[in-house]
Structures are given as structure tokens and as C-alpha cells.
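[1] Everything below, folded, please.
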Amino acid sequence: MRVIELWGSPEERGRQHGQALGAEIRRMRRALLTYLARVSLYGGALPLYALLLCLVRRFWPYLPERLKQEMRGVAAGAQVGLGTVLLINVVDDLANNTPRCSALAAGKGYTADGAYVMGRNLDYPLFTEIMVRLQTLFVMEPERGQALASLAWPGYMGVCTGINKAGVALAQLSAMSRERTLKGVPAALRFREALEEEGTVRGVAARILETPGTIGNNLMLCGPKEAAVLELAARRGVVRQPEGGLLTATNHYQSPAMQPLKGRFPPRPPFSPLPRYHFTEAYSQARDRRLRELAASRKLSPAAIQAILADAHLANPGTVVSAVFSPKEGILWVAQGKEPPVNQGLFAEIKLWG
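    Residues are numbered from 1 along each chain as shown. Prediction:
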């Protein structure tokens with residue numbers, strides 16, 4: 001498991017990131033250009049890439065200043081354009097959240113000591129090979145705020161799978177919402193800011209809910225003694241609590257208050273390795289039922305949650321990340337499979353800040 005440690009000021013952390021992973025960041029840019037060339041027929045990749053760079057500039061005014069500084073540092077260290085780094089961080093916001101994900105948190109009544117444990121699969125519809133090969137654990141020590149660990153990719157500064165030193169773990173899942181905008185803080189950057197600033201599940205949730213966002217998400221938060229799912233639209237959100245110590249989430253809203261904001265699931269992207277059924281609410285609901293079935297009437301150790309995530313009804317050809325968190329112990333288990341679904345391979349145990 002590749003681990004990159006970053007420290008110092010925002011610009012210093014960004015420059016360390018870019019210098020360490022510049023070649024990989026350029027490789028990710030080439031992968032995107034190759035895909036754009038395939039879908040553009042005779043138009044070529046560069047016009048589409050230029051259009052994307054124009055669109056992502058609309059996010060820039062809404063980024064916190066320290067994230068802008070860090071992003072400039074990544075671009076300088078990697079010797080790539082600032083637009084490329086911004087694009088890597090907001091591609092899901094532009095695509096309105098095409099990932100397909102599953103997550104569960106289990107606590108009192110399900111774990112031996114009652115402490116919560118969280119597991120998540122991140123299923124992506126494109127770029128699966130490069131995402132598996134370039135997966136990186138970033139361990140960040142900012143000048144102020146919470147230290148945190150983020151399981152991500154070169155150039156990616158947001159947190160879609162991570163935990164802070166205070167013991168709040170986070171898993172971002174897509175949710176189809178009719179309420180979306182380019183005038184807000186992009187999702188994974190919004191979540192990272194809250195994880196750096198707050199040390200409890202309630203604090204992280206409150207910070208996210210008060211920050212203007214861009215798209216819909218189901219966001220699972222998990223600490224040693226509490227867990228919650230934030231069902232989010234760009235400007236609204238509700239908190240969903242565990243039922244009897246168990247909390248599950250996939251890619252549809254479950255709270256009655258969010259049903260009026262439910263959006264349509266997107267079509268299958270060209271050249272995706274996933275079948276059309278995986279881009280439906282029916283598949284999301286089926287995975288949520290399966291999570292509950294597998295968790296029922298049993299003790300859920302980290303190893304048991306790893307096995308649940310690897311179940312054939314949950315893992316699929318887009319599963320590029322599979323991870324389990326013990327917030328109480330500060331331990332992360334990461335699937336090490338060399339191709340999707342990665343959780344068909346062994347999980348590596350990583351003790352954070354030990």
C-alpha cells in the first residue's frame with residue numbers, strides 16, 4: 001500500500017504531493033484524454049478537454065482559500081496546469097455522481113465491545129484499472145485542525161474515503177438529486193474541510209450541512225460510539241440515524257424528507273465495464289437489502305465486514321476501493337486486489353498515528 005505523508009502549510013503540502021506523484025497525475029490526465037478521444041468520434045479529445053477546463057473554473061470562487069493554495073502547490077509540484085488538478089477533484093460533481101457504492105456501520109448489539117466499525121465499497125463506472133493501480137493513502141498533518149488520512153489517487157485532494165485523528169471516519173456515496181449546482185464547494189473538498197475542522201460525528205455533520213454544496217450524496221460518518229448518514233442535496237440535507245446499532249447506505253435516499261428531491265439515475269457511460277442494471281435504483285435498493293441480510297443476527301468483526309463487502313451481490317467489476325475502519329482503534333483495512341473487484345484479494349491492516 002503506497003502511503004504519502006504530507007505536512008506543513010497548504011502550499012507546502014500541495015507541493016510535496018505534486019512532486020511525489022507528478023508522473024502519476026500526468027498519467028491520469030492521459031487516461032482522461034484517451035477516454036474523451038474514444039467518445040468524441042472524429043472531434044478529438046482536446047476540444048472536449050478544453051470545454052471541461054472551462055466548466056471547472058466555475059467552482060473556483062467557492063473553494064476555501066487554503067484549498068486553493070494547496071491546489072496551486074500540487075500543480076506547481078507536478079508541473080501540470082492548475083485546471084488539470086481542479087478537474088481531477090471535481091469530475092464527480094460535473095458527472096453528477098456516477099459512482100456506485102455500498103456502506104455499513106455497526107455498533108452496539110453487533111460488535112463485541114459495542115464500538116462502531118464501518119465498511120465501504122466504492123464502485124466506479126470508468127477508469128477502473130488506473131484507479132486500482134494508483135490508489136494511494138495520504139496521511140496529512142495540517143498546520144491547524146485535525147490530522148487525517150484519505151484513501152484516494154494522485155492529484156485528488158478531497159476525501160471520499162477517510163478518517164481524522166479524532167476518530168471520525170467518512171465514506172462518500174452517490175445519491176441522485178434533482179437539486180444540483182456548480183455554485184458551491186465540490187463534494188469531496190466539502191467533506192475534507194469538515195473532517196479537518198471537527199472532531200465528532202455531530203460536529204462534522206453540522207459543518208457539512210451549513211456549507212453550500214453542489215450535488216446529491218449519501219455520506220456515512222462513523223465514530224467510536226456513534227454513526228450517521230447525511231442524505232444531501234446541493235442546499236439541503238437530513239441526518240439518518242442507526243436502527244438498533246446498524247446503519248446501511250447505497251445510492252438512493254431513504255429518508256421521507258428527501259423523497260421530493262430524488263433524481264433520475266444516469267444512463268450507463270460509454271465503455272463502462274458495468275451492465276445497465278448497475279445504473280438503476282433497483283440495483284441500489286437490492287444492495288441495501290443485501291447489506292441488511294448479511295449483517296442480521298451476527299457479530300460483525302472487521303473481518304466479517306470485509307467478507308460482507310466481498311459478497312457477490314455487492315462487489316462488482318467497478319469495485320475499485322474496499323475499506324474497513326475501526327475509529328476506536330485508529331485502524332484501517334484496505335483491500336489489495338490487483339483488479340476489480342479489489343475485495344477478492346487480501347486486506348492490508350494499517351495502524352494510523354500509532
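[2] Could you use CA atoms for every contact and neighbour count after this?
    OK.
[3] Nearest residue to the most centrally placed residue in the chain in space, please, no chain neighbours.
    Taking Cα atoms, centre = their mean, the centroid of the chain lies closest to residue 160, which sits 2.1 Å from it. Spatially, and ignoring its direct neighbours in sequence, residue 160 is nearest to residue 172 (4.8 Å; Cα to Cα, 6 or more residues apart in numbering).
[4] what do you get for residue 200?
    Distances taken as Cα to Cα, 6+ apart place residue 168 nearest to residue 200, at 6.2 Å, with adjacent residues excluded.
[5] now residue 127
    Residue 127's closest residue in space is residue 31 (Cα to Cα, 6+ apart), at 7.4 Å.
[6] just to revisit the earlier point, just checking, the residue nearest to residue 160 touches residue 220?
    Yes - using Cα atoms under 8 Å, residue 172 makes contact with residue 220 at a distance of 6.5 Å.
[7] just to revisit the earlier point, and the residue nearest to residue 160, that's in a helix?
    No - Residue 172: not assigned to a helix; according to DSSP: H, G, I helix; E, B strand; the rest coil it is strand.
[8] Between residue 172 and residue 220, tell me which one has more neighbours.
    Higher neighbour count among residue 172 and residue 220: residue 220, with 31 against 28, using other Cα atoms under 10 Å.
[9] my read: that one touches residue 170, true?
    Yes - if you go by Cα under 8 Å, residue 220 and residue 170 touch, sitting 5.7 Å apart.
[10] picking that back up, tell me the buried residues in the helix or strand the residue nearest to residue 127 falls within?
    Using DSSP states H and E, the element containing residue 31 is helix 10-39. Residues of helix 10-39 classed as buried by neighbour count (16 or more other Cα atoms under 10 Å): 10-22, 24-26, 28-29, 32-33, 35-37.
[11] So, low pLDDT: which residues of the stretch 51-200 of the chain?
    Counting by pLDDT under 70, the stretch 51-200 of the chain contains low-confidence residues at 97.
[12] how about the strands in it?
    Along the stretch 51-200 of the chain, counting by DSSP state E, counting those that start in this stretch, strands occupy 100-106, 117-123, 136-142, 148-152, 161-164, 169-174.
[13] In terms of secondary structure, what does the last one contact?
    Using 3 or more Cα pairs under 8 Å, 6 or more residues apart in numbering; DSSP states H and E as the contact criterion, the neighbours of strand 169-174 among helices and strands are strand 100-106, strand 117-123, strand 161-164, strand 217-222.
[14] and of those, who's closest to residue 304?
    Nearest of the helices and strands packed on strand 169-174 to residue 304, taken as Cα to Cα: strand 117-123 at 10.0 Å.
[15] For that closest one, which helices and strands make contact with it?
    Under the contact criterion of 3+ Cα pairs under 8 Å, 6+ apart, strand 117-123 touches strand 100-106, strand 169-174, helix 302-309, strand 319-326.
[16] Check which helices and strands the last one sits against.
    Helices and strands touching strand 319-326, as assessed by 3+ Cα pairs under 8 Å, 6+ apart, comprise strand 117-123, helix 128-133, helix 302-309, strand 331-335.
[17] same deal with the first one?
    Contact analysis of strand 100-106 by 3+ Cα pairs under 8 Å, 6+ apart lists strand 117-123, strand 169-174, strand 246-249, helix 281-295 as its packing neighbours.
[18] mind running it again at 6 Å?
    Judged by 3 or more Cα pairs under 6 Å, 6 or more residues apart in numbering; DSSP states H and E, the packing partners of strand 100-106 are strand 117-123, strand 246-249.
[19] list the buried ones in the last one?
    So that's strand 246-249. Buried residues in strand 246-249 (16+ other Cα under 10 Å): 246-249.
[20] Farthest pair within these?
    Greatest spatial distance among the buried residues of strand 246-249 (Cα to Cα): 246 and 249, at 10.4 Å.
[21] circling back to that earlier point, looking at the helices and strands packed on strand 169-174, spot the one closest to residue 325.
    If you check each of the helices and strands packed on strand 169-174 against residue 325 by Cα to Cα, strand 117-123 wins as the nearest, at 5.2 Å.
[22] isn't residue 45 right up against residue 38?
    No - at 8.0 Å, residue 45 does not count as touching residue 38 under the criterion of Cα atoms under 6 Å.
[23] would you put the C-alpha positions of stretch 161-170 in CSV?
    C-alpha atoms of stretch 161-170 as CSV (Å, rounded to 0.1, in the frame of the first residue of the first chain):
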residue,chain,number,x,y,z
THR,A,161,-12.9,7.6,2.0
GLY,A,162,-11.0,8.7,5.0
ILE,A,163,-10.7,9.3,8.8
ASN,A,164,-9.4,12.0,11.0
LYS,A,165,-7.2,11.6,14.1
ALA,A,166,-10.1,12.3,16.4
GLY,A,167,-11.7,9.1,15.1
VAL,A,168,-14.4,10.2,12.6
ALA,A,169,-14.5,8.0,9.5
LEU,A,170,-16.2,9.1,6.3
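[24] Before I go, just wanted to say thanks for your time.
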